[in-house]
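Student: for reference, the sequence and a predicted model appear below.
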Amino acid sequence: MTESRSPEELPVSIADFRAAMRLIVGNVSVITAGIGEDRSGLVVISVVLLSAEPPKVIASVNRSSSTWPLIERFRHFGVNSLGPRHQRVAERFSGFGGIKGKDRYEGAEWTTLKTGAALLSDAVAAFDCSLDEMIDRGAHSIIIGSVEAVRTCDAGQALVYWRGGYRPLDA
């Protein structure tokens with residue numbers, strides 16, 4: 001006898017999961033890692049406060065990305081929260097047009113603070129982090145970072161990702 005399952009008990013399809021996730025609004029941030037010619041970065045949609053005392057953040061990074069091994073090797077990363085004026089930065093770090101590695105940094109002004117991770121000079125908020133831990137789950141690693149330095153440039157706007165695209169958010 002075959003047991004019948006209700007739709008709620010069936011496994012979630014990847015297509016349904018992705019469609020649902022696109023309905024969750026996320027802040028667009030660029031994670032940077034590496035130094036000089038040996039650097040890359042990627043866009044993430046959720047950077048989360050883990051602890052205020054001491055200051056720690058978490059993010060999820062695909063282990064197949066070019067950035068993951070740089071975070072592991074250099075033991076640092078930058079988190080750059082973007083505003084609407086940074087949409088081209090987001091597109092470059094998303095790999096639009098096949099742009100990879102250090103070439104993603106072109107067209108924007110970058111600085112460093114304590115760890116050597118690149119921080120966007122006019123990011124809405126930038127966090128310079130040393131790597132505490134990488135926890136592998138599925139195809140991604142949860143990266144936990146101790147915040148070593150912070151910069152802000154609050155213009156009352158943010159860049160968010162919703163329904164499959166970048167969108168401006170005004171205060």
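Tutor: Structure's in. What do you need?

Student: going forward, measure contacts and count neighbours with C-alpha atoms only.
Tutor: OK.

Student: shaky segments in the protein?
Tutor: 1-8 (pLDDT under 70).

Student: let me see the ranges of the strands in the chain.
Tutor: Assigned by DSSP state E, the chain shows strands spanning 26-27, 29-35, 38-44, 48-52, 55-62, 76-81, 110-111, 119-120, 125-137, 140-152, 157-162, 165-170.

Student: wait, isn't L131 in contact with I71?
Tutor: Yes - with contact defined as C-alpha atoms under 8 Å, L131 reaches I71; the gap is 7.5 Å.

Student: more crowded one of those two?
Tutor: When neighbours are counted by other C-alpha atoms under 10 Å, L131 and I71 differ, and I71 comes out ahead with 25 against 22.

Student: on that earlier part again, mutual contacts of L131 and I71, please.
Tutor: F77 (C-alpha atoms under 8 Å, 6 or more residues apart in numbering).

Student: how about the residue nearest the centre of the chain: what's its closest non-neighbour residue?
Tutor: In the chain, the residue lying closest to the centroid (C-alpha atoms, centre = their mean) is V44, at 2.6 Å. In space, and not counting its chain neighbours, V44 is closest to S29: 5.4 Å by C-alpha to C-alpha, 6 or more residues apart in numbering.

Student: okay, and the beta partners of the one you found?
Tutor: For S29, the beta-bridge partners under DSSP bridges are V44, S81.

Student: that one: what's it in contact with?
Tutor: V43, V44, I45, S46, V47, V79, N80, S81, L82, A90.

Student: from E148, how far off is it?
Tutor: Note on S29: its distance to E148, by C-alpha to C-alpha, to the nearest Å, is 18 Å.

Student: same check on I58?
Tutor: Taking C-alpha to C-alpha, one finds I58 at 14 Å from E148.
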